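> coords below, sequence missing:
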């Protein structure tokens, strides 16, 4: 199943700055725009770097959305590696829309517009009356709209006509709008009961539009049609598929509707805190939330291969592919270790979002939430890294999770007694090396570790597995430089010893280890 929102915004600042510090003119004038007069050949033309980079970043955001909607019709809904993060791409477009050249701003507005025209935000709502355009690549109703189906807080919009599955028509299945309203109401009530903010009002009920997204390889998306800039709140609307008939038997149309509604509506909730928060935090916690609301569906397990379980050497905040989705497991770890709840949902993720409102970034919000619980990111990320080596023992549903991969496995024996190695240790990532004992008598393993400094986020753990016993994990108390030499029993009663290096810091580093058995 493709991700419901996954194409993180990738800034072009470094490459653009290099390219735009000067504009070389050879045999004519090369200009970033028409505001600069012609200069003699061979001279450098001054460029307003900030404005030029902002424009290029906005154009990249527009191209990203256009690429998604252009390729989506050929996407395979059953393939979890093909989906595109339309929600995040549209979010980025909304944030950068005003930096586009005037001739492209209309293109952006049409992509951000609601599929239907029956909803009219009240005067003063900053959408400036943008309307969708048929053929833009995103849904735009061409059939007459039915009267919306509304509860006290949610309205479901759809078109009239005869339902024809897989026809490309936006007409929903009979009775389907009622099912959507019931599911969306349940989702919204769960988040309210858990203490989350409600989505910012546009002066009306929260709007959900039904359209044939399946033909586009998409499950759903939420975005804002407001003009937004900076770390602000924003109103949102959602678009969901009109039947989920194209997405296979597991978890089925209702299951797909439920987890998509829970995931996408949580993005609308997030926009009520900060529409411009780190994209990986938005995606990871939305994927976490869908499992909290509908725990029996477990659709988010498929994303674990892209996150810290499947790719422990990859940063937790990695922005490409399935990584932001797979990062939900970090919030599951925090939820299970800080289990206080409200409305049936762990409080710690809500606290993170309370702290993320405004200019605070994801790291700052997570660190503050952990500090309020008497711990820190270094400690919890380190323990998380070691726990991921044995998910069945460390998560309530861990028997279904993949195990985090080893960096290296080494067999030590009387014929091979020592090994030394080093490896890159990226920020918010981990590496684990295993020493397997092949000694038949008494032996000890002397290990020297050298990782990031403690103040830079370094954390080291040792896990010892004795025969007939469960593995035991302990902290390796490294010095302030990240070094430590330790001696462990390694005879015939020991199966293996693992050393896990974790880097909760902001910068990439290196992990080094030397081990000798005697």
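Received, thanks. The structure presented is a predicted model; accordingly, all values stated were derived computationally and were not measured.

> residue contacts, the residue of the chain most remote from its centre?
Relative to the mean C-alpha coordinate of the chain, counting by Cα atoms, centre = their mean, the farthest residue is residue 441 (49.1 Å). Residue 441 makes contact with 491-492, according to Cβ atoms under 8 Å, 6 or more residues apart in numbering. Where C-beta positions appear, they are placed from N, C-alpha and C, glycine not excepted.

> can you tell me how far it is from residue 147?
83 Å (Cβ to Cβ, to the nearest Å).

> show the average pLDDT along stretch 300-320.
Mean pLDDT, stretch 300-320: 97.

> okay, buried residues for it please.
300-301, 303-319 (16 or more other Cβ atoms under 10 Å).

> please flag which of those sit within helices.
Using DSSP state H, no member of these falls in helices.

> read off the pLDDT value for residue 203.
So residue 203 comes in at 84 (pLDDT).

> that one in helix, strand or coil?
coil (DSSP: H, G, I helix; E, B strand; the rest coil).

> ditto for residue 404
Residue 404 ends up coil, using three-state DSSP.

> correct me if wrong: it contacts residue 394.
No. Checked against Cβ atoms under 8 Å, the pair residue 404 and residue 394 is beyond contact range at 10.6 Å.

> which of these two has more neighbours?
Each of residue 404 and residue 394 has its neighbours counted (other Cβ atoms under 10 Å); residue 404 has more, 27 against 18.

> wait, what's in contact with that one?
308-310, 312, 385, 388-389, 391, 430, 432.

> so what's the residue lying closest to it once chain neighbours are set aside scoring on pLDDT?
Excluding the flanking residues, the one nearest residue 404 by Cβ to Cβ, 6 or more residues apart in numbering is residue 388, at 3.8 Å. At residue 388, the model reports a pLDDT of 98.

> can you give me the domain boundaries for this protein?
13-294, 408-517 (automatic domain parsing).

> indicate which one of those domains is closest to residue 325.
domain 13-294 (5.0 Å; Cβ to Cβ).

> pull the distance from that closest one to the chain's centre.
15 Å (Cα atoms, centre = their mean, to the nearest Å).

> picking that back up, and the residue farthest from the centre of the chain, how far from residue 489?
In terms of Cβ to Cβ, residue 441 sits 12 Å off from residue 489.

> which residues does stretch 145-164 contact?
Against stretch 145-164 from outside (Cβ under 8 Å, 6+ apart): 115-119, 141, 143-144, 169-174, 177-178, 180-181, 184-185, 188, 198, 204-210, 242-243.

> now which of those residues would you call buried?
The buried subset of the contacts of stretch 145-164 - by 16+ other Cβ under 10 Å - is 115-116, 119, 141, 169-173, 177, 180-181, 184-185, 188, 204-210, 242-243.

> among these, which are in helices?
177, 180-181, 184-185, 188.

> all helices for the stretch 51-200 of the chain, in order.
Secondary structure of the stretch 51-200 of the chain (DSSP state H, counting those that start in this stretch): helices at 86-96, 102-112, 176-193.

> give the rounded mean pLDDT of the host helix or strand of residue 516.
Assigned by DSSP states H and E, residue 516 falls within strand 509-517. The average of the pLDDT scores along strand 509-517 is 98.

> please apply the same query to stretch 266-276.
Per-residue scores along stretch 266-276 average to 98.

> ok, residue 355 touching residue 361?
No. Counting by Cβ under 8 Å, residue 355 stays clear of residue 361, with 10.3 Å between them.

> quick one: which of those two has more around it?
residue 355 (19 against 16).

> how many neighbouring residues does the residue nearest to residue 396 when sequence neighbours are not counted have?
Closest residue in space to residue 396, ignoring its immediate chain neighbours: residue 336 at 6.3 Å, by Cβ to Cβ, 6+ apart. If you count neighbours by other Cβ under 10 Å, residue 336 ends up with 15.

> now name the helix or strand holding residue 336.
Short version, using DSSP H and E: residue 336 is in helix 328-337.

> what sits up against that helix?
So helix 328-337 is in contact with 284-285, 287-288, 291-292, 300, 303-304, 307-309, 316, 346, 348-349, 380-381, 383-384, 387-388, 394-396, 401, going by Cβ under 8 Å, 6+ apart.

> then stretch 301-312?
Counting by Cβ under 8 Å, 6+ apart, residues outside stretch 301-312 touching it are 1, 3, 80, 284, 287, 314, 316, 318, 321-323, 325-330, 384-385, 388, 391, 397, 400-405, 429-432.

> could you work out the end-to-end span of that stretch for me?
16 Å (Cα to Cα, to the nearest Å).

> about what we covered before: so of the contacts of stretch 145-164, which ones are in strands?
206-210 (DSSP state E).

> distance to residue 159 and pLDDT added to these, as a markdown table?
Conversion of the ones in strands among the contacts of stretch 145-164 to a markdown table gives the following (distance: Cβ to Cβ, whole Å; pLDDT from 0 to 100):
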| residue | distance to residue 159 | pLDDT |
| --- | --- | --- |
| 206 | 19 | 96 |
| 207 | 14 | 95 |
| 208 | 14 | 97 |
| 209 | 10 | 97 |
| 210 | 8 | 98 |
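
> nearest to residue 271, of these?
Using Cβ to Cβ, these come closest to residue 271 at residue 206, 11.3 Å.

> I figured that closest one hits residue 268, correct?
Yes. Between residue 206 and residue 268 there is a contact at 6.9 Å, judged by Cβ under 8 Å.

> shared neighbours of those two, anything?
199, 236-238.

> could you measure from residue 63 over to residue 365?
According to Cβ to Cβ, residue 63 and residue 365 sit 30 Å apart.

> ok, these two, which is more surrounded?
Shown here are residue 63 and residue 365; by other Cβ under 10 Å, residue 365 has more neighbours (23 against 14).

> how near is that one to residue 331?
Taken as Cβ to Cβ, the span from residue 365 to residue 331 is 12 Å.

> in contact with residue 438, which residues are there?
So residue 438 contacts 411-414 (Cβ under 8 Å, 6+ apart).

> quick one: the helices in the stretch 301-450 of the chain?
323-326, 328-337, 347-356, 362-371, 377-387, 391-394.

> need the residues that contact the fifth one.
So the one you mean is helix 377-387. Residues from elsewhere that reach helix 377-387, judged by Cβ under 8 Å, 6+ apart: 308, 312, 316, 330, 333-334, 337, 363, 366-367, 370, 393-395, 404, 428, 430, 432, 454, 457-461, 463, 473, 475, 498, 500, 502, 504-505.

> and those residues, which are buried?
By 16+ other Cβ under 10 Å, the contacts of helix 377-387 give 308, 312, 316, 330, 333-334, 337, 363, 366-367, 370, 394-395, 404, 428, 430, 432, 454, 457-461, 463, 473, 498, 500, 502, 504-505 as buried.

> if we can go back for a sec, return the subset of the shared contacts of residue 206 and residue 268 lying in strands.
237-238.

> taking the shared contacts of residue 206 and residue 268, please make a PyMOL selection of just the buried ones.
Entered in PyMOL, the line below selects the buried ones among the shared contacts of residue 206 and residue 268, by 16+ other Cβ under 10 Å:
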select buried, resi 199+236+237+238
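
> dump the shared contacts of residue 206 and residue 268 to TSV, plus pLDDT.
Output for the shared contacts of residue 206 and residue 268, formatted as TSV (pLDDT from 0 to 100):
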residue	pLDDT
199	97
236	96
237	96
238	97
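
> and which of the shared contacts of residue 206 and residue 268 is nearest residue 276?
residue 236 (13.3 Å).

> nearest residue to that closest one other than its sequence neighbours?
residue 268 (3.9 Å).

> and the closest residue to residue 351 other than its chain neighbours, how many neighbours does it have?
Closest residue to residue 351 apart from its sequence neighbours, by Cβ to Cβ, 6+ apart: residue 369 at 4.6 Å. Residues near residue 369, counting by other Cβ under 10 Å, number 23.

> good, we can wrap up now.
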